[in-house]
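> Requesting a structural model of the entry that follows:
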Amino acid sequence: MELSITTKLSDHLTPKPAADTELGFGQIFTDHMFTMDYSRESGWHSPQIVPYTSLELDPSTIYLHYGQAVFDGLKAYRTPDGSINLFRPMLHLERINTSSKRMVIPPIDPAFCLKCLKELLQVEKDWVPDRPGCSLYIRPFIVAMDPCLIVRPSVTYRFFIILSPCGSYYPQGMNPVSIFVETEYVRAARGGSGQAKTPANYAASLIAQNKAKTAGCVQVLWLDSVHRRYIEEIGSMNAFFVIDGKLVTPELNDSILPGITRRTVLELARDMGFRCEERQIAIDELCHLAKQGHVSEMFGSGTAAVISPVGELRYQSERIVFNQGKTGKVTQLFYDTITGIQYGRTPDPYGWTEKV
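Below is the predicted model:
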């Protein structure tokens, strides 16, 4: 029997941001959030929409000490007719279960959680920006709640959905960024948790991000953990290259996150007639091909930035520049096509968008 969602509205509503410059990314939150609890006896239970508030956690909570948690991210978009679109939401909710399996967290019911998300968005619909390039970021996540210092899976959990109106993920917007190739640290190892969206993967990436910023770069290009040779991800984005007219991306393994935007790019590309390759790409091979003029563009794909053009790679003492440091035609094509569908500016022949 489907659970009943209860709603408690806040008595104190926050003023909406007045300008795009006030938004940034992930720094402002709406008035309400969704929560649902899990126990062995009751399974997932007590779904509710409540005022956004701080959490009270026991200092010994398993999540705080051992990081047993997962999250995902998707967006809601204001369309020209004033309605609200979600983009491939079931894939994101299903990916939570993929991440949860790796982290020994009980699965959610994606269809029910999508219903809960839509109810939350109906409550918070006025928070969805109507300005170009802005959207409402949606962060569903699950944390282990047992108060216990034994290293073991929790038996109680809490599922949350919080919402944040946002502008561009990178201040540069669609301007090409500089990427630092990291050869010392790794994001994830084969057999590890790289294919899961879990906090530890991101905490482990911070030291390399600091190196990149010191070098004057915006983000890190990760290499594989064994050989420090094969390209894996750009920060928290999947990597794409246009090589001799072909769209090339690293093949998925259990240290690369299976991005929803990555999947969308590949499906669009094949439908548009692009030749696509999913394969291992060595950094030295890429540098050699780029010097020979075979690599015309590089970009990253992910929910937060959608498509982010890469102007140059900094690898050891070399600087590899793509398309004279400008956004390429292929990169722009995928950005325009995906965002056009997301915002309802262009038709969606694939059935990827869902109305709230």
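
> make it CA atoms for all contacts and neighbour counts henceforth
Fine.

> Run through this protein and note the low-pLDDT ranges.
The chain contains residues with pLDDT under 70 at 1, 19-22, 170-173.

> quick one: contacts for the residue positioned nearest the centre of it?
By Cα atoms, centre = their mean, the chain has its centre lying nearest to T303, at 4.4 Å. With contact taken as Cα atoms under 8 Å, 6 or more residues apart in numbering, T303 is in contact with 73-75, 260-261.

> Closest to G191 out of the residues you listed?
Checking the contacts of T303 against G191 by Cα to Cα gives I260 as the nearest, at 21.4 Å.

> for the closest one, what are its contacts?
Neighbouring residues of I260 by Cα under 8 Å, 6+ apart: 88, 91-92, 302-303.

> Relative to E41, how far out is it?
Distance, I260 to E41, by Cα to Cα, to the nearest Å: 34 Å.

> Y157 touches T35, doesn't it?
No: assessed by Cα atoms under 8 Å, Y157 is found out of contact with T35, at 10.4 Å.

> For the two, indicate the residue with more neighbours.
Taking other Cα atoms under 10 Å, Y157 and T35 do not tie; Y157 has more neighbours (24 against 20).

> Which positions are bridged to the more buried one in the beta structure?
When bridges are called by DSSP bridges, Y157 pairs up with Y38, A144.

> now I234
Following DSSP bridges, I234 is listed with bridge partners L221, M237.

> I'd like to know how many residues surround it.
I234, neighbours per other Cα under 10 Å, totals 23.

> Could I have the buried ones of the contacts of I260 as PyMOL selection syntax?
With 16 or more other Cα atoms under 10 Å as the criterion, this PyMOL line picks the buried residues out of the contacts of I260:
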select buried, resi 88+92+302+303
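
> Narrow the contacts of I260 to those in strands?
Mapping the contacts of I260 onto strands (DSSP state E) picks out G302.

> what packs against the helix or strand containing P140?
For P140, the element it lies in under DSSP states H and E is strand 135-144. Contact partners of strand 135-144 among helices and strands, from 3 or more Cα pairs under 8 Å, 6 or more residues apart in numbering; DSSP states H and E: helix 62-66, strand 69-71, strand 74-78, strand 157-166.

> about what we covered before: would CSV of the contacts of I260 with distance to V310 be doable?
CSV is the format used below for those (distance: Cα to Cα, whole Å):
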residue, distance to V310
R88, 25
L91, 27
H92, 25
G302, 14
T303, 16
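
> wait, which of the contacts of I260 is closest to M145?
H92 (22.8 Å).

> Which residue ranges of this structure form helices?
Secondary structure of the chain (DSSP state H): helices at 62-66, 89-102, 110-123, 199-203, 206-214, 260-272, 283-291, 329-342.

> A200 and Y66 touch, don't they?
No: under the criterion of Cα under 8 Å, A200 is not in contact with Y66, lying 9.1 Å apart.

> Comparing the two, which shows the higher neighbour count?
A200 (18 against 15).

> excluding its backbone neighbours, what's nearest that one?
The shortest distance from A200 to any non-neighbouring residue, by Cα to Cα, 6 or more residues apart in numbering, is to G67 (6.6 Å).

> For burial, what's the neighbour tally of the one you found?
By other Cα under 10 Å, the residues close to G67 number 15.

> Could you report the distance from it to K101?
Look at G67 and K101: by Cα to Cα, they are 15 Å apart.

> nearest to D271, of the helices and strands packed on strand 135-144?
For those, the distance to D271 is smallest for strand 74-78, at 23.5 Å, taking Cα to Cα.

> Which residues outside the closest one are in contact with it?
Contacts of strand 74-78 with the rest of the structure, by Cα under 8 Å, 6+ apart, involve 84-87, 89, 92, 128-130, 134-139, 303-304, 342-343.
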